[in-house]
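Asks: need the 3D shape of this:
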Amino acid sequence: MYGFPRTFPITSFRNLILEKLSFSVNQIILIFQNETVITIESSISIRDAPPMSIYNIDPQTAFELIKLVGNNVESSFLEDDDRTLSLIFSNKEKLKVHDDSIEYESLKFNIAGEEFII
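Replies: Below you'll find the model as predicted:
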C-alpha cells in the first residue's frame, strides 16, 4: 500500500525453510519455519519475469512456486523501488512479492509474532 517501512526486518527470512504453500481465491500464503508467514494479495514474479496478479496465476507459475517448498531462503532484499521484496532460495530460484496497489493492502507478514501490513 505504501511500500515497506524502514523498520521492516528484511533479513529475518534468511535461512528459513519454506514449509507450506497455500493457494486460495484471493491469496497465496507462504509459511516458513518459526511461524513466519507471508500472505500475498497482489502480484508475484518468478525469476525476473513480469509481475503476475495472484488472481491470474497460470499452471506453470503455480508449479514454479511449488518447487520452492522445502528450500531455504539464502538472501532477502528490497528492490530499488522499495515496493518489492525479493527472496532467493537455495534452489537458486528468485521470488518477488510486489506491493503494487496504492489504495489497498497488498501483503501481510507475520514475523516472530509481529505483524506488518504493506
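
Asks: and the helices in this structure?
Replies: Listed in chain order, the helices of the chain (DSSP state H) span 59-66.

Asks: how about the contacts made by the most centrally placed residue in it?
Replies: Nearest to the mean C-alpha position of the chain, by CA atoms, centre = their mean, lies V97 at 4.3 Å. Going by CB atoms under 8 Å, 6 or more residues apart in numbering, V97 touches 38, 40, 42, 44, 84-85, 87, 107. To be clear about C-beta, it is placed using only N, CA and C from the backbone, and glycine gets the same treatment.

Asks: what of F13?
Replies: So F13 contacts 32, 36, 73, 76, 87 (CB under 8 Å, 6+ apart).

Asks: dump these into TSV; add pLDDT and neighbour count as well.
Replies: TSV is the format used below for the contacts of F13 (pLDDT from 0 to 100; neighbours: other CB atoms under 10 Å):
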residue	pLDDT	neighbour count
F32	98	21
T36	97	21
V73	98	21
S76	98	18
L87	98	23
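
Asks: how deep is the nearest residue to L107 once chain neighbours are set aside tucked in, by neighbour count?
Replies: Nearest non-adjacent residue to L107, counting by CB to CB, 6 or more residues apart in numbering: I118, 4.2 Å away. Residue crowding around I118 was assessed by other CB atoms under 10 Å; the count is 22.

Asks: return the distance of I118 relative to V97.
Replies: 9 Å (CB to CB, to the nearest Å).

Asks: shared neighbours of the two, anything?
Replies: L107.

Asks: not counting its neighbours along the chain, what's nearest N110?
Replies: Spatially, and ignoring its direct neighbours in sequence, N110 is nearest to V37 (4.4 Å; CB to CB, 6+ apart).
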